[in-house]
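Chemist: Model the structure of this input:
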Amino acid sequence: MKDKIVSCVAGLGVCFLMAGAAHAEGQTNADYDKGMELVHKGSYKEAIAEFDKALKSDVKHAEALVERSLCKFRLGNYKEVIEDCKELMNDNEPAHAVSKRQAYMMSAGAHNALGQYK
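Modeler: Model prediction:
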C-alpha cells in the first residue's frame, strides 16, 4: 500500500510540474527557472539548491516551495517534505490556494511513506 501511495504522489508531481512549467513562462526569477530545468532533467538535489535561492529572494514564492517539496519527496526526504508543506498549508494568500492543496496531498503521502498513517 505504501508503494502505491508513494507512486500516486510521485505521479501527481508530474502534473504539478507541468502546471508549474506553464506558470514559469511568465516568471522572471532565474533561480526558479533554473530549478525547473533541473527538475525536468531529474537532477533533484541541484534543483532544490536553485529553489532555495529563489525562496531567499522571495519567501512567499509558493511555486518554488511546492517544487522544492516535490524534489524532496522524490529523494525520499519525507520529514523535510512535511516541514515545507506545513509552511504552505499555513499560507493564507488566496492566490496560493492551488499550492496549498498540493501541500496537503504531498504531506499525506510523506506521512504515509513514514508509516504514520494506517
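Chemist: Please pull up the helix or strand immediately following the helix or strand encompassing residue 81.
Modeler: According to DSSP states H and E, residue 81 maps onto helix 78-89. Remark: after helix 78-89, the chain's next helix or strand is helix 97-113, criterion DSSP H and E.
Chemist: May I see the buried residues of the helix holding residue 81?
Modeler: Applying a neighbour-count criterion of 16 or more other Cβ atoms under 10 Å, one finds 78, 80, 81, 82, 84, 85, 88 buried in helix 78-89. C-beta coordinates here come from the backbone N, C-alpha and C atoms, glycine included.
Chemist: next structured bit after the helix-or-strand element of the chain with minimal mean pLDDT?
Modeler: Sorted by mean pLDDT, DSSP states H and E, the helices and strands of the chain end with helix 2-24, the least confident at a mean of 50. The helix or strand immediately downstream of helix 2-24 is helix 30-40, counting by DSSP H and E.
Chemist: Tell me the helices and strands packed up against that following helix.
Modeler: helix 2-24, helix 44-57, helix 62-74 (3 or more Cβ pairs under 8 Å, 6 or more residues apart in numbering; DSSP states H and E).
Chemist: and it with helix 44-57, angle?
Modeler: 160 degrees (axes from the mean of the first three to the mean of the last three Cα atoms, to 10 degrees).
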